[in-house]
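Participant: Just need the structure, nothing else, for what follows:
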Amino acid sequence: MRVFENLDEMAKEVGNEIGVSEWVEIDQDRINLFADATGDHQWIHLDAERTQKELGMPTIAHGYLTLSLLPMLSSKVSGVKSVNRGINYGSNKVRFTNMVPVNSKVRARVKLLKMEPKAGGQQVTNEVTMEVEGSDRPAMVAETLSLLFE
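Facilitator: Model prediction:
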């Protein structure tokens, strides 16, 4: 994990890759729990027998499950010692560019795009690419926004 002393130090890395998280396995239990939490019980996520029979593939993670992993994975990529609170502010765009098959592993690759003053803190814009182990194509690319306060 990369640790910055303060936001000024972090700002020197605008335009650069900040780091990459560890791999996290997406098992069927995680997919099932996400389906229950969101009410999205689409069979392609839950019915292994049907997806194999009809599509010739295993179940896949929800796109929004992949997106929901960003706060956890990003927190393992970098931190700022002087920050006393951070807020997920949203995203400018999110694209789901590949499937995440059950039992595959994903990780987040974070590039710092921009930092600018906002609301007494700094608005941080990152490009986060969610990679799937063994695949050339990422599962997701998102431009995320956070507000960080010292």
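
Participant: those helices in the protein, which residues are they?
Facilitator: For the chain, the helices defined by DSSP state H occupy 7-11, 28-38, 43-46, 48-55, 63-68, 70-75.

Participant: The fourth one vs helix 28-38, what angle?
Facilitator: Here the directions of helix 48-55 and helix 28-38 differ by 90 degrees (axes from the mean of the first three to the mean of the last three C-alpha atoms, to 10 degrees).

Participant: who's in contact with helix 48-55?
Facilitator: 28, 43, 44, 57, 58, 59, 60, 102 (C-beta atoms under 8 Å, 6 or more residues apart in numbering). All C-beta atoms are positioned from the backbone trio N, CA, C, and that covers glycine.

Participant: how about 6 Å then?
Facilitator: 43, 44, 57, 59 (C-beta atoms under 6 Å, 6 or more residues apart in numbering).

Participant: Look at the spatially most central residue of the chain and report its pLDDT.
Facilitator: Closest to where the C-alpha atoms of the chain average out (C-alpha atoms, centre = their mean) is residue 70, at 2.7 Å. At residue 70, the predicted lDDT confidence score is 96.

Participant: swap in residue 63?
Facilitator: pLDDT at residue 63 comes out at 97.

Participant: what's the burial count for the residue lying closest to it once chain neighbours are set aside?
Facilitator: Closest residue in space to residue 63, ignoring its immediate chain neighbours: residue 96 at 4.0 Å, by C-beta to C-beta, 6 or more residues apart in numbering. Applying other C-beta atoms under 10 Å, we find 17 residues neighbouring residue 96.

Participant: was I right about residue 96 contacting residue 138?
Facilitator: No: using C-beta atoms under 6 Å, residue 96 is not in contact with residue 138; the gap is 9.5 Å.

Participant: any shared contact partners between these two?
Facilitator: Counting by C-beta under 6 Å, 6+ apart, nothing touches both residue 96 and residue 138.

Participant: circling back to that earlier point, please report the distance of the residue nearest to residue 63 from residue 83.
Facilitator: 30 Å (C-beta to C-beta, to the nearest Å).
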